[in-house]
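S.K.: predicted model and sequence below, questions to follow.
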Amino acid sequence: MKITEAKVIVCSPTRNFVTLLIRTDEGIYGLGDATLNGRELAVATYLEEYCIPCLIGRNPFDTEDIWQYFYIGAYWKRGPVTMSALAAIDMALWDIKGKVLNTPVYNLLGGKSRDRIMVYCHANGTDLSQTLEEVHQHLEMGYKAIRVQTGIPGIASTYGVVAKGEKYEPATRGVPHESSWSTEKYLNFIPRLFSAVRDKFGDDIHLLHDCHHRLTPIEAARFGKEVEPFHLFWMEDPVSEELQESFRIIRNHTTTPIAVGEIFNSVFDCNRLITEQLIDYLRMTIVHGGGITPLQKVAHLAEVYNVRTGFHGATDLSPVTMAAALHFNTAIHNFGIQEHMPHEPLVDEVFPHAYYFRDGFMYAGDKPGLGIDIDMALVDKYPYQRAYLPLNRREDGTMWNW
Ligand code: EZ4
Ligand code: CO
């Protein structure tokens, strides 16, 4: 069996997605997600100009060798652009394998380790009462785990929070929006938020929170300590994560579980975090972590050190990544939780899929391969539009982590 063609599809049904479609001489094709939010065309070009010419003629079953070919063989290892491209190739090849063998991809990764995948949703509001109402609405939808973000008094706009009636969407069209930030106001307010949520909704529901890389290690330690009485499922991205040893400082002070990794693209971003047991959940997912092939190795390493997965699943990760993640989550032993930010209905139309949500859990479905497709007629109706993630500055104008 041979790869005969590979094509990059860039489309923007409400937001941008980059998809790789690989065809074989037996008429079977596979899909991979290569979307890197705000940098889509860099990945598309990397695939078209450098990877695809070297893919043609290879056996799609050789996922390990093809992965190493583009990783070791590129000489320029790692980095989000190259690893997202490599992830798309790898996903599409696993999809092809499953279709050829007429079995869901989870069966190729170890089979079913569980019946259902617990997911968490987003509840956010501009103030406390609106946020509590959002939590209530998501409980009604059946979610068992909820990420709660709220507007902070005195800060004009806060990460993860949008005006009433709108959905939080990471990137916006046009030039980057700039938001402002005060660590002091944030740290003073968030414990009150979780106190209010526990008072109103009790202890059973899992609560999560994303600090979005904005604290220093000692500030994150204070955060973790002060929310301990409300027993969060996790605090996410407490600090900017380039320095793995930062997490030791946080760990020394608090029992609030820590999740990190949505911007990681290699095991070398988290090797110390895992082996020194400095975190509890790893968020590096299939698309930005280089594909199913490397994530399997990372998950197996993490299993040894009691670290579980908690894959990123915002709307900028396409339904192709969601499909791959759900097969992966079904199979591995140390699955923790999966983020679920539902896509717009139009996105689901462009990417018809076998996976589904029911009463707080998601299911990969039982179609062969990843159980995902793309509607090429619809794709042409929604061409790429430049979009950016926001920037963030401290109140005095200093650039800060968004
Ligand atoms: O900022 O997906 O946990 N979710 C997040 C997201 C990310 C965006 C970046 O593209 O942190 O909102
Ligand atoms: Co996050």
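M.R.: Perfect, thanks for sending it. Ligands and ions are numbered 1, 2, ... in the order given.
S.K.: number of residues surrounding the spatially closest residue to N102 that is not a sequence neighbour?
M.R.: Nearest residue to N102, sequence neighbours excluded (Cβ to Cβ, 6 or more residues apart in numbering): P368, at 5.0 Å. Backbone N, C-alpha and C define where each C-beta goes, glycine included. Neighbours of P368 under the rule other Cβ atoms under 10 Å: 18.
S.K.: D210 against D237, yeah?
M.R.: Yes. The pair D210 and D237 qualifies as a contact (Cβ atoms under 8 Å) at a distance of 6.1 Å.
S.K.: show me what contacts the residue nearest to N102?
M.R.: Residues in contact with P368 (Cβ atoms under 8 Å, 6 or more residues apart in numbering) are G98, K99, L101, N102, T103, P104.
S.K.: now the fifth one. Its backbone dihedrals?
M.R.: Same thing as T103. phi -150, psi 150 (degrees, to the nearest 10).
S.K.: quick check: the gap between the closest residue in space to it that isn't next to it in sequence and P153.
M.R.: Distances taken as Cβ to Cβ, 6+ apart put P368 closest to T103, at 5.8 Å, once the chain neighbours are dropped. The gap separating P368 from P153 is 52 Å, by Cβ to Cβ, to the nearest Å.
S.K.: let me see the contact set for whatever residue of the stretch 1-150 of the chain ends up closest to ligand 2.
M.R.: Residue nearest to ligand 2 within the stretch 1-150 of the chain: R147 (8.5 Å; Cβ to the ion). Counting by Cβ under 8 Å, 6+ apart, R147 makes contact with Y120, C121, H122, A123, G160, L207, L208, H209, D210, E236, E339.
S.K.: cool, I263 as well?
M.R.: P80, E241, H288.
S.K.: among those residues, which are in helices?
M.R.: In helices, defined here by DSSP state H, the members of those are P80.
S.K.: can you tell me the SS state at the residue in the stretch 51-200 of the chain that ligand 1 sits nearest to?
M.R.: Here the residue of the stretch 51-200 of the chain nearest ligand 1 is P170; by Cβ to the nearest ligand atom that distance is 3.8 Å. Using DSSP: H, G, I helix; E, B strand; the rest coil, the structure places P170 in coil.
S.K.: isn't it up against N37?
M.R.: Yes. The pair P170 / N37 is scored as a contact, 5.8 Å apart, by Cβ under 8 Å.
S.K.: thinking again about what came up before, ranking the contacts of I263 by neighbours, who comes first?
M.R.: Counting by other Cβ under 10 Å, H288 has the largest number of neighbours within the contacts of I263, with 25 neighbours.
S.K.: please tell me how far that one sits from M235.
M.R.: For H288, the distance to M235 - Cβ to Cβ - is 21 Å.
S.K.: lowest-confidence entry in the contacts of R147?
M.R.: On pLDDT alone, G160 ranks lowest of the contacts of R147, at 92.
S.K.: now do the contacts for that one.
M.R.: With Cβ under 8 Å, 6+ apart, G160 has these contacts: H122, N124, R147, Q149, Y168, D210, H212.
S.K.: tell me the phi and psi of the fourth one?
M.R.: Backbone dihedrals for Q149, given as degrees, to the nearest 10, come out at phi -130, psi 150.
S.K.: I'd like the numbering to begin with 38 instead of 1 from here.
M.R.: Right, with 38 as the first residue, what we last looked at is Q186.
S.K.: tell me the pLDDT at it?
M.R.: In this model, Q186 is scored at 98, pLDDT.
S.K.: sec struct for the residue lying closest to it once chain neighbours are set aside, please.
M.R.: Nearest in space to Q186, with sequence neighbours left out and distances taken as Cβ to Cβ, 6+ apart, is G197 at 3.7 Å. Following three-state DSSP, the label given to G197 is coil.
S.K.: now the helices for the stretch 38-187 of the chain?
M.R.: Residue ranges of the helices in the stretch 38-187 of the chain, as given by DSSP state H, counting those that start in this stretch, are 77-82, 89-92, 100-108, 117-138, 142-145, 165-177.
S.K.: any idea what the closest residue to K136 other than its chain neighbours is bridged to?
M.R.: Leaving aside its sequence neighbours, K136 sits nearest to G406 (Cβ to Cβ, 6+ apart; 4.1 Å). For G406, the beta-bridge partners are P141 (DSSP bridges).
S.K.: roughly how far does V80 sit from A124?
M.R.: 9 Å.
S.K.: neighbour count: those two, which is higher?
M.R.: A124 (33 against 28).
S.K.: what does the stretch 88-237 of the chain put close to ligand 1?
M.R.: Residues of the stretch 88-237 of the chain that fall close to ligand 1, judged by Cβ under 6 Å from any ligand atom: P207.
S.K.: residues in contact with the residue lying closest to E63 once chain neighbours are set aside?
M.R.: Computed as Cβ to Cβ, 6+ apart, the closest residue to E63 that is not its neighbour in sequence is M38, at 5.7 Å. The neighbourhood of M38, defined by Cβ under 8 Å, 6+ apart, consists of T61, D62, E63, N96, P97, F98, V137.
S.K.: do the same with P141
M.R.: Residues in contact with P141 (Cβ under 8 Å, 6+ apart) are G135, H364, A401, G402, D403, K404, P405, G406, G408.
S.K.: could you check the pLDDT of it?
M.R.: 98.
S.K.: could you check how far it is from V387?
M.R.: Distance from P141 to V387, by Cβ to Cβ: 22 Å.
S.K.: can you tell me the number of residues neighbouring the residue nearest to K136?
M.R.: Look at G406: counted by other Cβ under 10 Å, it has 27 neighbours.
S.K.: distance of it relative to ligand 2?
M.R.: From G406 over to ligand 2 the distance is 29 Å, taken as Cβ to the ion, to the nearest Å.
S.K.: got it, and V234?
M.R.: Distance of V234 to ligand 2, given as Cβ to the ion: 19 Å.
S.K.: that's all I had, so thanks and see you.
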